[in-house]
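Participant: Sequence first, then the predicted structure, then my questions.
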Amino acid sequence: MSTRGISTDKTPDWRDQAACRVEDADVMFPDPSDKRGTRIAQAICLACPVRQQCLEHAMAVEGGCRRESRYGVFGGLDGDQRYRLYCRLRPSHVARLTRVAA
Ligand code: SF4
């Protein structure tokens with residue numbers, strides 16, 4: 001079972017609602033060349049009620065990471081898709097993501 005969807009303190013956390021919290025962690029981290037595995041992970045994200053929060057968190061944590069350093073599916077996007085999204089963000093959005101990650 002994945003622990004990525006389980007918070008460790010008593011305060012409500014968006015991760016408690018993660019659709020992937022009951023999935024094996026490997027499901028959400030398919031090899032980048034595994035298109036079928038990526039589609040399966042993305043289908044889980046499509047039904048997730050905290051998809052937006054998850055994507056913002058992943059983008060904030062990854063920051064300006066290179067494409068090759070972005071692993072897994074978060075917020076319905078694989079690493080390539082998150083990299084392309086990051087490249088299209090305005091500087092003000094990048095600054096906001098930086099504050100989210102702090
Ligand atoms: S959007 Fe996807 S990766 Fe993020 S918490 Fe939901 S199911 Fe998990």
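Facilitator: That came in fine, so what should we check first?
Participant: residues near the nearest residue to Val27 once chain neighbours are set aside, how many?
Facilitator: Closest residue to Val27 apart from its sequence neighbours, by C-beta to C-beta, 6 or more residues apart in numbering: Ala41 at 5.9 Å. To be clear about C-beta, it is placed using only N, CA and C from the backbone, and glycine gets the same treatment. For Ala41, the count of nearby residues is 22 (other C-beta atoms under 10 Å).
Participant: buried stuff in stretch 15-24?
Facilitator: For stretch 15-24, burial by neighbour count (16 or more other C-beta atoms under 10 Å) applies to Arg15, Ala18, Ala19, Cys20, Arg21, Glu23.
Participant: ok so the fifth one is a helix residue?
Facilitator: Put plainly, it is Arg21. Yes - looking at Arg21 with DSSP: H, G, I helix; E, B strand; the rest coil, it is inside a helix.
Participant: Surely it and Arg15 touch.
Facilitator: Yes - between Arg21 and Arg15 there is a contact at 7.2 Å, judged by C-beta atoms under 8 Å.
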